[in-house]
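Student: Curious how this folds, go ahead:
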Amino acid sequence: MTIRPLILLPDPKLREVSKPIERVDDAVRKFADDMLETMYDAPGIGLAAIQVGEPRRLLVLDVAEKDAPPEPQVFINPEIVARSEERSVHEEGCLSIPDYYAEVERPAAVTVKYIDLDGKEQKVEANGILATCLQHEIDHLNGVLFIDYLSKLKRDIVVRKFKKLAKDRPPPARMVG
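Tutor: Model (predicted):
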């Protein structure tokens, strides 16, 4: 397994819409393992493929309680097929927008259709933190960031801050291979 570098705001790649995965094979399973390792290393509870520079419709998450054993989950080509009318507010953060958190209102429950690592279609009905995390990561696959739910003023402040940080950041090392 490989820990992959994370893409950070203001990288325009974060606004790309990810492409569906055509078939689940060993390369996709290895990529999912790399993503899980990257997510745990960060540390985070969710990661979309675009956040490691791959515009593919794949996300990983683990919303297990802190002291509980890990419960990694992989969602390939996830799609929200139902949303509750009821809303909930959770504080969200993002590995691509480090050290910034804000309260975001979303549907309290969602039903998500997806493909598992065996290539089988699945459906999950989620609420609580799982519903929030799924919506956050599926948004990434559609080029949407959680800061898009904030007021324009707050969003502009965050974007300006990260543009300034990006100017001060050394360019990423290029991998040859």
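Student: residues contacting residue 96?
Tutor: If you count contacts by Cβ atoms under 8 Å, 6 or more residues apart in numbering, residue 96 has them with 6-9, 11, 14, 51, 140, 145. All C-beta spots, glycine's among them, are computed from the backbone N, C-alpha and C.
Student: could you redo the last one with a cut-off of 6 Å?
Tutor: Residue 96 makes contact with 7-9, 14, 51, according to Cβ atoms under 6 Å, 6 or more residues apart in numbering.
Student: Can you identify each of the helices in the protein by residue range?
Tutor: Counting by DSSP state H, the chain has helices at residues 26-41, 128-141, 152-168.
Student: measure the residue nearest to residue 122 when sequence neighbours are not counted to residue 84 for me?
Tutor: Nearest residue to residue 122, sequence neighbours excluded (Cβ to Cβ, 6 or more residues apart in numbering): residue 116, at 5.2 Å. Relative to residue 84, residue 116 is positioned 24 Å away (Cβ to Cβ, to the nearest Å).
Student: cool, residue 72 as well?
Tutor: Residue 72 is 26 Å from residue 84, where distance means Cβ to Cβ.
Student: what residue ranges in the protein score low on pLDDT?
Tutor: Along the chain, segments meeting pLDDT under 70 span 169-177.
Student: what ranges do the strands span in it?
Tutor: Applying DSSP state E to the chain gives strands spanning 46-48, 58-61, 73-83, 87-94, 97-107, 109-115, 121-127.
Student: how about JSON lines for those, with mean neighbour count and distance to residue 28 added?
Tutor: Shown next, in JSON lines, are the strands of the chain (neighbours: other Cβ atoms under 10 Å; distance: least, Cβ to Cβ, whole Å):
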{"stretch": "strand 46-48", "mean neighbour count": "27", "distance to residue 28": "14"}
{"stretch": "strand 58-61", "mean neighbour count": "26", "distance to residue 28": "7"}
{"stretch": "strand 73-83", "mean neighbour count": "18", "distance to residue 28": "7"}
{"stretch": "strand 87-94", "mean neighbour count": "16", "distance to residue 28": "24"}
{"stretch": "strand 97-107", "mean neighbour count": "15", "distance to residue 28": "27"}
{"stretch": "strand 109-115", "mean neighbour count": "19", "distance to residue 28": "10"}
{"stretch": "strand 121-127", "mean neighbour count": "13", "distance to residue 28": "15"}
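Student: closest one to residue 22 among these?
Tutor: Nearest to residue 22 among the strands of the chain is strand 73-83 (9.4 Å), distances taken as Cβ to Cβ.
Student: List the contacts of that closest one.
Tutor: With Cβ under 6 Å, 6+ apart, strand 73-83 has contacts from 20-21, 32, 57-61, 107, 110-115, 117, 138.
Student: rewinding a little: can you lay out the strands of the chain as TSV showing distance to residue 27?
Tutor: Formatted as TSV, those follow (distance: least, Cβ to Cβ, whole Å):
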stretch	distance to residue 27
strand 46-48	18
strand 58-61	11
strand 73-83	12
strand 87-94	26
strand 97-107	29
strand 109-115	15
strand 121-127	20
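Student: Cool, thanks, signing off.
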